[in-house]
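1. structure for this input, please:
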Amino acid sequence: MDGPSWLGAALFLGVQLRALWPAAAMEIHTAKEVYAVNGTNQRLKCTFSSSSPISPDLSVTWNFQPEDLSSHEPVFYYLKEPYELPAGRFKDRVTWDGNIERNDASIKIWNLQPTDNGTFTCQVMNRPDFYGAVGEVRLRVVQKVHFSEIHFLAVAIGSASVLMIIVVTVVILCRQRRKRAQEKGMEESDTELKEKENLQKVEEEEASPLED
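-> Modelled structure (predicted):
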């Protein structure tokens, strides 16, 4: 391959790679699944990383798809400042809880209801990174706190610790009681011995005049 042809091929490949780069430049990070109790508030965390500096035109879009897989519904929008929804199921129930300077695009949903079960998507666009993966988090609204294995392990460890403290306390008290009993027994033995010695001395004194 001669010089001009090689240079042309390299330039063409560079253009193609530059065109494909924005598609993989933006990365979104969210929790896969979140549990929340009915009637409580829940923060939906969404963080991002971009190959480009944060642009003043950076935008964040949150959408929602119910469990019945019906059409997506808008939840929240951010462009230079937060914009709440004028209507819809999330009207007056979603607030901005992120910090763009810290690559945080999180929101908070208030007064959760069973109808909020579904998948929330977080999409961030930062010029020139207009394309990239969309973060998804599945929300499950339950009537009671979800008792996970971690909770069970924490309770088990806590119970074992309390039981250990009780056992150690009982052992210490038993040893102290036994020691006191031994000391009391020794005192009683000493008292009894002294009484016998005193009695013997009295008997000896009483017998002494008769011998004279």
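2. which elements pack onto the biggest helix by length in the chain?
-> In the chain, ranked by residue count with DSSP state H as the criterion, the top helix is helix 149-211. On a contact count with 3 or more C-beta pairs under 8 Å, 6 or more residues apart in numbering; DSSP states H and E, helix 149-211 meets no helix or strand. Backbone N, C-alpha and C define where each C-beta goes, glycine included.
3. quick check: mean pLDDT across that helix?
-> The average pLDDT within helix 149-211 is 76.
4. and stretch 53-64, by the same measure?
-> 93.
5. what's opposite the residue nearest to Ala36 when sequence neighbours are not counted in the beta bridge?
-> When the adjacent residues along the chain are set aside, Ala36 lies closest to Gln42, with 4.0 Å between them (C-beta to C-beta, 6 or more residues apart in numbering). Beta-bridge partners for Gln42, by DSSP bridges, are Ile109.
6. so what's the residue count around Gln42?
-> 18 (other C-beta atoms under 10 Å).
7. before we move on, what about Ser71?
-> Each residue near Ser71 was counted by other C-beta under 10 Å, and the total is 7.
8. now it, what's its secondary structure?
-> coil (DSSP: H, G, I helix; E, B strand; the rest coil).
9. wait, what's in contact with it?
-> By C-beta atoms under 8 Å, 6 or more residues apart in numbering, the residues touching Ser71 are Gln65.
10. show the pLDDT at it.
-> 81.
11. next: Gly88.
-> pLDDT recorded at Gly88 is 87.
12. residue contacts, it?
-> Gly88 is in contact with Glu73, Pro74, counting by C-beta under 8 Å, 6+ apart.
13. surely it forms part of a strand?
-> No: per three-state DSSP, Gly88 lies outside any strand segment and is coil.
14. need phi/psi at it.
-> Here is the backbone geometry of Gly88 (degrees, to the nearest 10): phi 110, psi 170.
15. any idea how far it is from Asn103?
-> Applying C-beta to C-beta, to the nearest Å, the value for Gly88 to Asn103 is 27 Å.
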